[in-house]
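Peer 1: one predicted model, sequence on top.
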Protein chains: 2
Amino acid sequence: MIKAVFFDLDDTLVDTSKLAEMARRNAVENMIRHGLPVDFETAYGELLELINEYGSNFSRHFDYLLRRLDLPNNPKWVAAGVVAYHNTKFAYLKTVHGARRLLLELKKADYRLGIITDGDPIKQWEKIIRLDLDDYFDGVFISDYLGVKKPHPKIFKKALRKMNVKAEEAVMVGDRLYSDIYGAKRVGMNTIWFRYGKYADRELEYLDHADFTVERLEDVLNIVGGLNLEEEERSDKEVHAD
Amino acid sequence: MIKAVFFDLDDTLVDTSKLAEMARRNAVENMIRHGLPVDFETAYGELLELINEYGSNFSRHFDYLLRRLDLPNNPKWVAAGVVAYHNTKFAYLKTVHGARRLLLELKKADYRLGIITDGDPIKQWEKIIRLDLDDYFDGVFISDYLGVKKPHPKIFKKALRKMNVKAEEAVMVGDRLYSDIYGAKRVGMNTIWFRYGKYADRELEYLDHADFTVERLEDVLNIVGGLNLEEEERSDKEVHAD
């Protein structure tokens, strides 16, 4: 009997990668508009390389971009990038298509809902609060707060214990085959891989750990309902077999 | 002959203090809305004390606020504060009443315009860019970029040199008697104290350094015009005296 559904946050409930791409493009455009003497493709390409190398703490990216382009330090250009980046992030932060309806349907059907996500606790909560998602969830479990990251079994076990459900009573939905699906399956949870975004064709060596694969979040509802139906039929049979 | 007018940024062109107060109030309200178990007056009072002690780097303020209130670390409450603070700052960032019209009139009358401000270069440029003020200015001089702060003569001298005007050909307009007015007067500039905001009754020991005091930015135009008229009359007399 499924009692709880857990979700990853970035690129599962929140359209993070798409947003980051828009924000970066707008940042480079605004830097050029304010005088950065480089064409868009050169600057944007360099920024992507830089993010690949240094990770995603954005505020230093624009400083570093100038250095990489052999340009002088210019706080006006950096500020132009920061302003456009922030404006885009705040204006276009969106849930993934179908996410809110799915959460509502699951809530109506009385499932307990949780989030299990990696990342900075304040930044993750910022997204949840900006999107007004917090009322849907009975528990939010964030790696940098708990001191353990997906796919380590401990973060899934902590979430299950706090939500008072057994692993086999829980489903994990996420876009990453490694951290979400392999991680959840190792502790015995049911797993639904949301094949979406930049990880749609990556980490396929962990595909075996996905019980189901969906390309639209809406399908999660049917799968969860189906798992419970199977369970009912099985227990009906057991009753009849008595 | 006045050729250039320099402005301070915060609380002279940009309504920074009023905005910061709104942002802090909204932050505390949103933290309470998301479960912070403290009444508004207690939390807001504690936040103001904390800002007094630690200065204005906001992101750690909300963490520290929880510690001061003997509450557990809770990233959800911190994020609620950060979201409301940011939203307010971006939505309500405004120029001081009359600032834009004054800049336009000065520009029409062919004065060179500059900004001389203390603070972080990127954050100061962010405000200038968000308010679309950059096209008005021929030079922007920011202390943390130049390595020297107001009221040190060097920052004023650098600004005058870059804008190619002599001190007596320039006017400085600012809300701080110490950093703006005393600073500018020491290098020989004309000074207009904008008596506005939280410094309206402070640093009065430097009042002697103000050539003029205005309570509305609009009045700057008449004063600058008047200074040039005096100058013309004086040179007329000199001509007649020949």
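Peer 2: Structure received.

Peer 1: next, count neighbours for A:R161.
Peer 2: When neighbours are defined as other CB atoms under 10 Å in any protein chain shown, A:R161 has 10 of them. Every residue, glycine included, has its C-beta placed from N, CA and C.

Peer 1: that one: what secondary structure?
Peer 2: Using DSSP: H, G, I helix; E, B strand; the rest coil, the three-state assignment for A:R161 comes out as helix.

Peer 1: from chain B, how far off is it?
Peer 2: Distance, A:R161 to chain B, by CB to the nearest CB, to the nearest Å: 19 Å.

Peer 1: and A:N26, by the same measure?
Peer 2: 13 Å.

Peer 1: give me every residue in chain A lying close to chain B.
Peer 2: By CB under 8 Å from any CB of the partner chain, the residues of chain A that approach chain B are A:34, A:75-76, A:78-80, A:82-83, A:86-87, A:90, A:121-126, A:128-130, A:134, A:140, A:142, A:145.

Peer 1: filter the residues you listed down to the ones in helices?
Peer 2: When DSSP state H defines the helices, the subset of those inside them is A:75-76, A:78-80, A:82-83, A:86-87, A:90, A:121-126, A:128-130, A:145.

Peer 1: out of those residues, which are buried?
Peer 2: A:75-76, A:78-80, A:82-83, A:86-87, A:90, A:121-122, A:124-126, A:128-130, A:145 (16 or more other CB atoms under 10 Å in any protein chain shown).

Peer 1: nearest residue to A:A43 other than its sequence neighbours?
Peer 2: A:V28 (4.8 Å; CB to CB, 6 or more residues apart in numbering or on different chains).

Peer 1: burial count for that neighbour?
Peer 2: A count of nearby residues for A:V28, using other CB under 10 Å, gives 28.

Peer 1: okay, strands next: where are they in chain A?
Peer 2: Taking DSSP state E as the test, the strands found in chain A are A:4-7, A:112-117, A:139-142, A:170-174, A:190-194, A:212-214.

Peer 1: other residues contacting the fourth one?
Peer 2: With CB atoms under 8 Å, 6 or more residues apart in numbering or on different chains as the contact definition, strand A:170-174 has outside contacts at A:2-8, A:12, A:116, A:156, A:160, A:163, A:180-181, A:183-184, A:189-194, A:217, A:220, A:223-224, A:227.

Peer 1: next one: the last one
Peer 2: In this structure, residues lying in contact with strand A:212-214 by CB under 8 Å, 6+ apart are A:191-195, A:207, A:220, A:223.

Peer 1: so which of those residues wins on neighbours?
Peer 2: Highest neighbour count within the contacts of strand A:212-214, by other CB under 10 Å: A:F194, with 29 neighbours.

Peer 1: mean confidence score for stretch A:42-61?
Peer 2: Averaged across stretch A:42-61, pLDDT comes to 86.

Peer 1: centre of the chain to that stretch, how far?
Peer 2: Between the centre of stretch A:42-61 and the centre of its chain there are 20 Å (CA atoms, centre = their mean, to the nearest Å).

Peer 1: list the contacts for A:K158?
Peer 2: Counting by CB under 8 Å, 6+ apart, the residues that A:K158 touches are A:141, A:146, A:148.

Peer 1: please apply the same query to A:G139.
Peer 2: For A:G139, the contact set (CB under 8 Å, 6+ apart) comprises A:112, A:114-115, A:159, A:162-163.

Peer 1: now the residues you listed in CSV, with neighbour count?
Peer 2: Shown next, in CSV, are the contacts of A:G139 (neighbours: other CB atoms under 10 Å in any protein chain shown):
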residue, neighbour count
A:R112, 19
A:G114, 23
A:I115, 24
A:A159, 24
A:K162, 13
A:M163, 19
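
Peer 1: from those, pick the one nearest chain B.
Peer 2: Minimum distance to chain B across these is 11.5 Å, recorded for A:I115 (CB to the nearest CB).

Peer 1: that closest one contacts A:F7, correct?
Peer 2: Yes - taking contacts as CB atoms under 8 Å, A:I115 lies within contact range of A:F7: 5.5 Å.

Peer 1: who touches both of the two?
Peer 2: A:L13.

Peer 1: phi, psi for the nearest residue to A:G183 once chain neighbours are set aside please.
Peer 2: The spatial neighbour of A:G183 that comes closest, neighbours along the chain excluded (CB to CB, 6+ apart), is A:P151 at 2.7 Å. Note on A:P151: backbone dihedrals following degrees, to the nearest 10 are phi -90, psi 20.

Peer 1: okay, buried residues for the biggest helix by length in chain A please.
Peer 2: The longest helix of chain A (DSSP H) is helix A:219-241. Neighbour-count burial for helix A:219-241 flags A:219-221, A:223-224, A:227 (criterion: 16+ other CB under 10 Å).

Peer 1: how is chain A partitioned into domains?
Peer 2: Chain A breaks down into these domains under automatic domain parsing: A:4-14+A:95-241, A:16-92.

Peer 1: in CSV, list those along with distance to B:M172.
Peer 2: As requested, the domains of chain A are exported to CSV (distance: least, CB to CB, whole Å):
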stretch, distance to B:M172
domain A:4-14+A:95-241, 40
domain A:16-92, 22
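
Peer 1: the helix-or-strand element of chain A with minimal mean pLDDT packs against which elements?
Peer 2: One helix or strand of chain A scores below all others by mean pLDDT, DSSP states H and E: helix A:219-241, with a mean of 81. Applying 3 or more CB pairs under 8 Å, 6 or more residues apart in numbering or on different chains; DSSP states H and E, we find helix A:219-241 packed against helix A:99-108, strand A:170-174, strand A:190-194, strand A:212-214.
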